[in-house]
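> give me coordinates for this.
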Amino acid sequence: MVKKGIVEEIFSKAKFSNELDLYNVSYRDFEKIKETTLMEFIKESEEFSKIPISRILRIRKNNTILFEKVSK
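Next comes the predicted model:
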């Protein structure tokens, strides 16, 4: 069995809890950083085929940061 990564786990919990509107995703879009709701990100990324998970910088639920990519 393949272990899920942190981001996949957050997305899975959000989908099954029906609270997608409470989550915000910040991701890198070339030189810009965009922020959108999780539902909008899933649609825009076409289930990660257009925007890979590696571009996600931060995931928040309300004002709580659930995931933040540490830049080197």
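
> can you pull up the most central residue in this structure?
residue 25 (4.6 Å; CA atoms, centre = their mean).

> does that residue sit in a helix, a strand or a coil?
Following DSSP: H, G, I helix; E, B strand; the rest coil, residue 25 is assigned to strand.

> tell me where the protein has strands.
Counting by DSSP state E, one finds strands in the chain at the ranges 23-29, 32-37, 56-61, 64-68.

> make JSON lines from these and add distance to residue 15 and mean pLDDT to it.
Any C-beta I mention is one placed from the backbone N, CA and C, and that applies to glycine too. What follows is those, written out as JSON lines (distance: least, CB to CB, whole Å; pLDDT from 0 to 100):
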{"stretch": "strand 23-29", "distance to residue 15": "10", "mean pLDDT": "94"}
{"stretch": "strand 32-37", "distance to residue 15": "13", "mean pLDDT": "94"}
{"stretch": "strand 56-61", "distance to residue 15": "13", "mean pLDDT": "94"}
{"stretch": "strand 64-68", "distance to residue 15": "14", "mean pLDDT": "94"}
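
> between those, which one is closest to residue 16.
Residue 16 lies closest, by CB to CB, to one member of the strands of the chain: strand 23-29, at 12.6 Å.

> partners of that closest one in the sheet?
Here strand 23-29 has these sheet partners by DSSP bridges: strand 32-37 (antiparallel), strand 56-61 (antiparallel).

> before we move on, back to that, what about the closest residue to the residue nearest to the centre of the chain other than its chain neighbours, how many neighbours?
Leaving aside its chain neighbours, residue 25 sits nearest to residue 41 (4.4 Å; criterion: CB to CB, 6 or more residues apart in numbering). For residue 41, the count of nearby residues is 22 (other CB atoms under 10 Å).
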